[in-house]
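Engineer: give the three-dimensional model of this entry:
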Amino acid sequence: MEINPQILRGNWAAGWALDLHTSSSKLRDDGTFDTEYTEIGRALHLLKYRFDRTQVEPIAETAANFLKEMAFLGGLEGVIPVPPSELRRPFQPVWMLALAIGGKLGLAVPLDYLMKVKETKALKDVEHRRSRKQELAGAFKVKDSRFAHKWILLLDDLFRSGETLNQIAYVLLTEGKVSGVFVLTITKTRTKR
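Structural biologist: I've put the predicted structure just below:
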């Protein structure tokens, strides 16, 4: 799968999105959008919204190959998926991707380590950065200290503003006492929302 990695900045050591999510989106006369996706953006869209589980393998293979090229990979101890925000899905795409990527890299993928402990609004509906931070304050906790003094990879599907990843990285560093956090998202929005 062709990708165009994007650097992600935040309170983590380093971060990347494998590509942009869309290449263009035009408003139609009927109020809907005509959206063109990147190759991996299309695969992620099919996985998340069409529940096409066949997309897990090619996305995970692409992510694992990208990570194998990174010098830091040998120091990683685990892949930590961002907890799901939509619990009514028939399956959790980020968890499935994390498990597949971790399996390809020989890394632990604990689904019980990072927990969302507070209900939050969908951040795409929250306009101001300060409001997003307030919405996420206290929303995440770590279960224990199993990754204390270790480096981990924090995985999410889509990077919008980075507020969720910043909040989680803060919790991992302060409560989890991890040595460092690298971030990988499958795609990134073209504009910051």
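
Engineer: shaky segments in the protein?
Structural biologist: The chain contains residues with pLDDT under 70 at 120-133, 135, 192-193.

Engineer: name whatever forms a beta bridge with the residue nearest to the spatial centre of it.
Structural biologist: Closest to where the C-alpha atoms of the chain average out (C-alpha atoms, centre = their mean) is residue 156, at 0.9 Å. Beta-bridge pairing for residue 156 (DSSP bridges): residue 185.

Engineer: in this protein, which spans are helices?
Structural biologist: Using DSSP state H, the helices of the chain run over 39-49, 56-68, 93-105, 129-136, 163-174.

Engineer: nearest to residue 11, out of the ones you listed?
Structural biologist: Set against residue 11 and scored by C-beta to C-beta, these come closest in helix 163-174, at 5.1 Å. Bear in mind the C-beta positions are built from the backbone N, C-alpha and C, glycine included.

Engineer: give me the helices and strands touching the closest one, please.
Structural biologist: Applying 3 or more C-beta pairs under 8 Å, 6 or more residues apart in numbering; DSSP states H and E, we find helix 163-174 packed against strand 114-116, helix 129-136, strand 140-142, strand 151-159, strand 180-188.

Engineer: closest to residue 98 out of the ones you listed?
Structural biologist: Proximity to residue 98 (C-beta to C-beta) singles out strand 151-159 among the helices and strands packed on helix 163-174, at 5.0 Å.

Engineer: sounds good, over and out.
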